[in-house]
Structure formats: C-alpha cells, structure tokens
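Undergrad: quick one: sequence and predicted model below, then my questions.
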Amino acid sequence: MARFAATYAPLAILALLWELVSRSGVVSQYALPPLSTILAAWGDLLADPDYYRNIVASVLRGLAGLSAALVLGIALGTSMATWRSVNLTIGPIVQLFYPLPKSALIPLTIIWFGIGDSSKVFLIFLGCFLPISTATFNGVRGVERTLIWSAASLGANGWARLRDVAVMAAIPDILAGVRTALALTFVLLVSSELLISNEGIGFLIRIYGDGSQYPKMFACTFTVMLLGFLADRCFRRLSGHLLRWRT
Amino acid sequence: MNGLPATAAAEAAIEISGLNFEYETAGQQKVRALDGIELSIAKGEFVSILGPSGCGKSTLLYIVGGFVPFNQGSIIVEGRPLAGPGPDRGVVFQQFALFPWKTVQQNVLYGMEKQRVPKAERLERAARLIREVGLAGFEDSFPSQLSGGMRQRAAIARTLAVDPSILLMDEPFGALDAQTRSIMQEQLLEIWRSTGKTVLFVTHDVREAVYLSQRVVLMTKRPGRIKEIVDTDFEKGGEFAGGKRFDDTVEYIWNQVKAEIGASHG
Ligand SMILES: Nc1ncnc2c1ncn2[C@@H]1O[C@H](COP(=O)(O)OP(=O)(O)O)[C@@H](O)[C@H]1O
Ligand SMILES: [Mg+2]
C-alpha cells in the first residue's frame, strides 16, 4: 500500500498541477487542455473502433520491424563474430550506417515502399537492425572459449555450438541491444506515421492535431506513452525470465 | 591393464611426438609455449603434468583436446591422428566452464542430447551421475547458485555423461578448499579405478600429482619441455598419510620444481 502510494503520488501531483495550470488560464487551453478534458476525450476514443484499428496497425508494424531486426540482427552479429571474412566485408558498412539517424531515411522509404505498412516496417527494421547486430557481435565475441570448447568435446557440431552456446552466452548483450531497439521502434514508428501515413497512432495524432481536436490529440499521445510503458514491462518480464540463471 | 607405459602402439591412448607449439600474438611476435614434447600414455593410465605456471600445461591439454590447432609434430589418439575436439576426450576445465544458463541437470544432459542418446536413458543416466557426484537435490539449480566444489562436481558429471575413454583435466581442483578437494580426489580415483579411463591431469600441486597418478611428467619453465618423467605407481596410503616412498618422491619432485622456478629467476 505504501509502495503503491509512493509510486503513484508524484503522478497524482503532476496531474493536479496540470489541471490547475490549465484551468487558471496562465496558458491557452488549446496548448494545454485540462487533464480532465483530455481524459474525457480519451473516453470517447475508447468507444471508437477506429481508435483500436489504428493502435493495432501501429503495434503490428512495430512488432514486424522489430522481429525482422531481431532475427536478422542476431544472425548477422553472430556471423560477423564467427567468420572473419563476414566481419571484414560487412563491418565497414555497419560502421558507416551506425551513426546515421534512421529518421533521415523516412522520405526514401516512402519512395521505395509507399505510405503504407511496408515503409514503416522497413524503417523500424533498419533502425533496430544495427543496435541488435552490434550487441550480438560484441556478446558473441566475448563468449568464453572454454564454453565453446566444452560443447565441442561433448559432441556439438559447429552449428550447434553457435546456436546452443555462442548465442545463448550473448543473451545479456543481445537484450541490451533489444532495449535500445525497442526505444527506437517507438521513435521511428510514431515519427514516420506523423510525417506521412494513412493509419496508425501517429496518424491519429496528426489528424487530430490538424483538425484542432487537441484533447483527442493529447489522448493519442498518452496512448503512445502507455504503449511504451507496456512494451517496457513486457521487455522486463522477458529479460527477467531469460536471465533467471544470473544471481 | 596395469597402467605401465605401453610398448605397443596399439595400446597407447595418446602418443605425442615432436610437438612444438607457438602462440601468435598481436605484434606478429611468437610466444613459444611447447618445445619438443614426446609423451606416450597407455590406455587406462593416470598421468599428471606438473610444472611452473606459464610453462604450457594448459596449452598441451588444449592441443590434445583438439581445441588449439598445432602444425609441428604428431599426436595419435587411440590409433588415429588427432583431428579436432570429440566426445572420446572429455575435458574438465579449471574454471568449470559449465553453461551458466543451464541447470545442473540440463548441463549433464547436453552431451547426451548431442550424442542422440534416447531420452529415457538420458534422464536415467543424468540422475545417476548427479547422485554419484553428490548433487542430488540440486538438479534444477543454476551454476551461479552452487559453491565452487559443487560446480566442479557438476562439470565432472557433465563430462562423464558422454562416457569419454580419455579424461583431460586442467587443474580441476585448484579452486577448491582442502577438504572438498580431498573428497574430489577420492571420487576421481574411484571413477578411474572402476571405469579404466585414461586420465591426463594437469596440476601444480606436487602431493596431488604424486598421490593421484602413476607417472608424473615434470615440465621446464617456458618454453615447456619435458624435464623428467617420474614413476609414481606405488601403493599410497593417502595424500597426507605419507609413507617413506611417498614422502621421498614428493620431496624429490619438489626439488626439481624449485630448481626450475629458481632457473626462471636467473
Ligand atoms: N592465447 C595466447 N596467446 C599468446 N600467448 C599465450 C596464450 N595462451 C597462453 N599463452 C602463453 O603461453 C604460455 C603457456 O601458457 P599456459 O599453457 O596457459 O601455461 P600453464 O597452464 O602451464 O600455466 C604462457 O607463457 C602464456 O603466457
Ligand atoms: Mg594453466
């Protein structure tokens, strides 16, 4: 109970301040609608099937891009750490693209894939791929050789040694990469939907903003926050489970 | 098999001849680790390798394990030229090298899964081995939840699970307290006597080497050469029980080791 209060008291205070500032007229109610108005608008949205359809569209795009990055990122990172030739070939390309803010590629992805799902999925994939493959690379490179050797002397072939030992031992690093990728997923998803799209939660934020329906716009922004919070919770659960062997 | 050095090649478990080895280091420099190693180990024999730290003991074991490729000399393992690691040579590393994300039982099962041992037999054998090394009740513990001695026993169970005919052990008891270590030594001897496996055992502990093995291979400081092979195949009361022959042998080897360490300081 005390913990519950400690966690939520600061939020409650912030909410109260918001309401007071907005109602006092110090700032325009367009710029900062009262929290109660926003919550009421959010209530309206919750009764609107369109709202859910857009959320589902965004979540699916995020999941698709992130999953593709996860599979291919782990595969590339492991290959680069295992085979010198792959590292020599791909390493410079990775280093070149790493610092590029992937949002700069939004126009290009639109030209290539149009304004629908594929451009968003591709962008998220691009953004998440490098943090995951780099983290995997570092993790696999750091695997203790006696672990690999143990597997070899127990009869594991090359493929089994990669899958059962190298990747498993790299999981703590991979998870750190996924954490970065997860944050990037939200940034890229919402910004690409804001910029140009025909559905998604970022799309909703934009059309409500363009239509001056600010309480609804705020409600959609809160939705993104909530989704981010839930995603982080899922991630923590998953990494807690995957790292349960560490004490 | 009385464990005396084999005369016929067919009887040898491991035959090393003319083995030289150099590590390549970053600055294109080469570190010579082993120099002209000649050693023949009979099937069922227990041989210890003893020498100052850095003399190449681990390197020799890694090479015989097939983990580190070599290009000068020849190694024949049970009649065949050495080619990479394999389940015929079980390895126990100083730092255990258990898979930290697997439980004790999963660690012990891993090799049998790779060998495609049928599931029922796998489970049965794992349970028996875990019991034999005294880890019953810890099947579902992760290595991080175990003491050093328990981890080492889990590692030994994992190695024994694939029933290798040769055991390569790199200072396996070095990190254990005296009491655990003494228990583990007894267990190892018991396993060796009952299974007739060949054991190549690296240690820097003279009493341990003399107590456990039939022959002790003394190595020089780097680059490791074989300085002398001492016969230690006699009745021993116990590591600390002593006995004239035991004490004399320990003292003799100690003096050789001291001379070797002294030599390294000038
Ligand atoms: N990967 C490596 N690269 C370069 N030198 C090494 C490497 N591993 C070991 N050495 C060197 O080779 C020598 C023998 O090492 P090692 O076999 O570990 O000795 P020991 O096990 O007897 O202590 C040491 O001088 C060590 O510094
Ligand atoms: Mg060593």
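TA: Thanks, I have it. Ligands and ions are numbered 1, 2, ... in the order given.
Undergrad: from chain A, which residue is nearest to ligand 1?
TA: The nearest approach of chain A to ligand 1 comes at residue A:145, 9.0 Å away (C-beta to the nearest ligand atom). No exception for glycine: its C-beta is placed from N, CA and C like everyone else's.
Undergrad: got the confidence number for that residue?
TA: pLDDT, residue A:145: 95.
Undergrad: I'd like the distance between the closest residue to it other than its chain neighbours and residue B:85.
TA: Setting aside the residues directly before and after it, residue A:145 is nearest to residue B:67 in space (C-beta to C-beta, 6 or more residues apart in numbering or on different chains), at 7.6 Å. From residue B:67 across to residue B:85, the span is 6 Å (C-beta to C-beta, to the nearest Å).
Undergrad: how about residue B:73, secondary structure?
TA: Under DSSP: H, G, I helix; E, B strand; the rest coil, residue B:73 falls in the strand class.
Undergrad: from ligand 1, how far out is it?
TA: Separation of residue B:73 from ligand 1 (C-beta to the nearest ligand atom, to the nearest Å): 16 Å.
Undergrad: what ranges do the helices span in the chain?
TA: Picking chain A for this. A:2-24, A:35-46, A:49-82, A:84-97, A:106-113, A:117-141, A:145-153, A:158-160, A:167-169, A:171-195, A:201-210, A:214-242 (DSSP state H).
Undergrad: wrong one, chain B
TA: B:57-65, B:104-114, B:119-132, B:148-160, B:178-195, B:206-212, B:244-264.
Undergrad: closest to the centroid, which residue in the chain?
TA: In the absence of a named chain, this looks at chain A. residue A:182 (2.5 Å; C-alpha atoms, centre = their mean).
Undergrad: chain B was what I was after
TA: Central residue of chain B (C-alpha atoms, centre = their mean): residue B:169, 2.1 Å from the mean position.
Undergrad: partners of residue B:200 in the sheet?
TA: residue B:47, residue B:168 (DSSP bridges).
Undergrad: just list the residues touching it, thanks.
TA: Listed by C-beta atoms under 8 Å, 6 or more residues apart in numbering or on different chains, the contact partners of residue B:200 are B:14, B:41, B:47, B:49, B:61, B:64, B:166-169.
Undergrad: dump those residues to a markdown table, plus pLDDT.
TA: Below are the contacts of residue B:200 laid out as a markdown table (pLDDT from 0 to 100):
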| residue | pLDDT |
| --- | --- |
| B:14 | 96 |
| B:41 | 96 |
| B:47 | 97 |
| B:49 | 97 |
| B:61 | 96 |
| B:64 | 97 |
| B:166 | 97 |
| B:167 | 97 |
| B:168 | 97 |
| B:169 | 97 |
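Undergrad: with distance to residue A:8 as extra columns, can I get those in CSV?
TA: Formatted as CSV, these follow (distance: C-beta to C-beta, whole Å):
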residue, distance to residue A:8
B:14, 68
B:41, 70
B:47, 68
B:49, 64
B:61, 59
B:64, 63
B:166, 63
B:167, 60
B:168, 59
B:169, 57
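Undergrad: which one (most neighbours) among those residues?
TA: residue B:49 (28 neighbours; other C-beta atoms under 10 Å in any protein chain shown).
Undergrad: please report the distance of that residue from residue B:171.
TA: According to C-beta to C-beta, residue B:49 and residue B:171 sit 10 Å apart.
Undergrad: where do the contact lists of those two overlap?
TA: In contact with both residue B:49 and residue B:171: B:57, B:202-203, using C-beta under 8 Å, 6+ apart.
Undergrad: out of these, who's nearest chain A?
TA: residue B:202 (13.7 Å; C-beta to the nearest C-beta).
Undergrad: before we move on, back to that, so for residue B:192, which of the helices of chain A sits nearest?
TA: Ranking the helices of chain A by proximity to residue B:192 (C-beta to C-beta) places helix A:145-153 first, at 18.4 Å.
Undergrad: check which helices and strands the closest one is in contact with.
TA: Using 3 or more C-beta pairs under 8 Å, 6 or more residues apart in numbering or on different chains; DSSP states H and E, the elements in contact with helix A:145-153 are helix B:57-65, strand B:89-92.
Undergrad: for those, which one ends up most surrounded?
TA: strand B:89-92 (a mean of 26; mean count of other C-beta atoms under 10 Å in any protein chain shown).
Undergrad: that one near chain A anywhere?
TA: Yes - against chain A, strand B:89-92 shows contacts by C-beta under 8 Å from any C-beta of the partner chain at B:89-91.
Undergrad: go ahead and confirm residue B:204 touches residue B:50.
TA: Yes - contact between residue B:204 and residue B:50 holds when scored by C-beta atoms under 8 Å: they sit 6.6 Å apart.
Undergrad: give me the common contacts of these two.
TA: Any residue near both residue B:204 and residue B:50 by C-beta under 8 Å, 6+ apart counts here, and that gives residue B:57.
Undergrad: residue 215: neighbour count?
TA: Picked chain A for this. Neighbours around residue A:215, by other C-beta under 10 Å: 22.
Undergrad: right idea, wrong chain: chain B
TA: For residue B:215, the count of nearby residues is 21 (other C-beta under 10 Å).
Undergrad: how close does it get to residue B:164?
TA: 20 Å.
Undergrad: and if you look at residue B:148?
TA: 23 Å.
Undergrad: so between these two, which is more surrounded?
TA: The neighbour count for residue B:148 versus residue B:164, taken as other C-beta under 10 Å, is higher for residue B:164 (22 against 15).
Undergrad: who's in contact with that one?
TA: Contacts of residue B:164 by C-beta under 8 Å, 6+ apart are A:153, B:87-90, B:197.
Undergrad: and for stretch A:144-156, what's in contact with it?
TA: A:160-161, A:164-166, A:169, B:62, B:65-67, B:84-87, B:89-91, B:93, B:95, B:97-99, B:110-111, B:114-115, B:158-159, B:162, B:164.
Undergrad: how close does whichever residue of chain A sits closest to chain B get to residue B:168?
TA: In chain A, the residue that lies nearest chain B is residue A:154 (3.3 Å; C-beta to the nearest C-beta). Per C-beta to C-beta, residue A:154 is found 13 Å from residue B:168.
Undergrad: quick check, the residue in the stretch 151-266 of chain B closest to chain A?
TA: Closest point on the stretch 151-266 of chain B to chain A, by C-beta to the nearest C-beta, is residue B:162, at 5.7 Å.
Undergrad: ok, now which ones touch that residue?
TA: With C-beta under 8 Å, 6+ apart, residue B:162 has these contacts: A:154-155, B:87, B:90, B:111-112, B:114-115.
Undergrad: sorry, back to before: can you go through the contacts of stretch A:144-156 and name the buried ones?
TA: Buried members of the contacts of stretch A:144-156, counted by 16 or more other C-beta atoms under 10 Å in any protein chain shown: A:160-161, A:164-166, A:169, B:62, B:65-67, B:85-87, B:89-91, B:93, B:95, B:97-99, B:110-111, B:114, B:158-159, B:162, B:164.
Undergrad: read off the pLDDT value for the residue in chain B that chain A sits nearest to.
TA: Chain A sits closest to residue B:111 of chain B, with a gap of 3.3 Å, by C-beta to the nearest C-beta. On the pLDDT scale, residue B:111 is placed at 97.
Undergrad: residue contacts, it?
TA: A:154-155, B:87, B:158-159, B:161-162.
Undergrad: switch to 6 Å and redo it
TA: Residue B:111 sits next to A:154-155, B:161-162 when contact means C-beta atoms under 6 Å, 6 or more residues apart in numbering or on different chains.
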